[in-house]
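Sequence plus the predicted model coming up.
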Amino acid sequence: MTDIVFIRQFKVQTVIGVYEWEKAIQQTLEFDLELSTDIRQAAATDDLQYTLDYSAVCSAIAELCQQPHELIETVAEKVAAMVLQKFETKAVKVTITKPAAVPAAAGVGVSICRGTW
Ligand SMILES: Nc1nc2c(c(=O)[nH]1)N=C([C@H](O)[C@@H](O)CO)CN2
């Protein structure tokens, strides 16, 4: 059985892009995450220490995005690796949307699953 702690549309301003003009501006990335967990002990004790703190995950993503990156693929891999290393989860799905990249699209991005579901 897998329970999920999720994060939807967490917005971060960061330097992201392959083109020179993108290296001089901040753009929005939106993060959607699903983290594999077992919520039963947290539910039974009503205690945050027994679950994944989604606020802490968001803070760690924001910190990682203080560095500039070219590809959203790079950010996705770094976020997945960081989450698997720092948090008590065996598997993570990371979706990153770059909402303004293609004006005619609602959003473009990447989605990766890492770890063992
Ligand atoms: N698969 C990707 N394609 C593109 C990326 C990317 O990060 N991954 N980035 C760009 C540019 O930075 C673009 O977003 C500028 O509007 C193009 N394609």
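Structure received.

would you list every one of the strands in this structure?
With DSSP state E as the criterion, the chain has strands at 3-14, 27-37, 91-98, 108-115.

Need the pLDDT of Met1.
What the model reports for Met1 is a pLDDT of 76.

Take the strands of the chain and lay them out in a markdown table including mean neighbour count and distance to the ligand.
Just so you know, the C-beta spots here come from the backbone N, C-alpha and C atoms, and that holds for glycine as well. As requested, the strands of the chain are exported to a markdown table (neighbours: other CB atoms under 10 Å; distance: least, CB to the nearest ligand atom, whole Å):
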| stretch | mean neighbour count | distance to the ligand |
| --- | --- | --- |
| strand 3-14 | 15 | 12 |
| strand 27-37 | 20 | 8 |
| strand 91-98 | 21 | 5 |
| strand 108-115 | 15 | 6 |
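
Quick check: which of the ones you listed is nearest to Ser55?
Of all the strands of the chain, it is strand 3-14 that lies closest to Ser55, at 9.5 Å by CB to CB.
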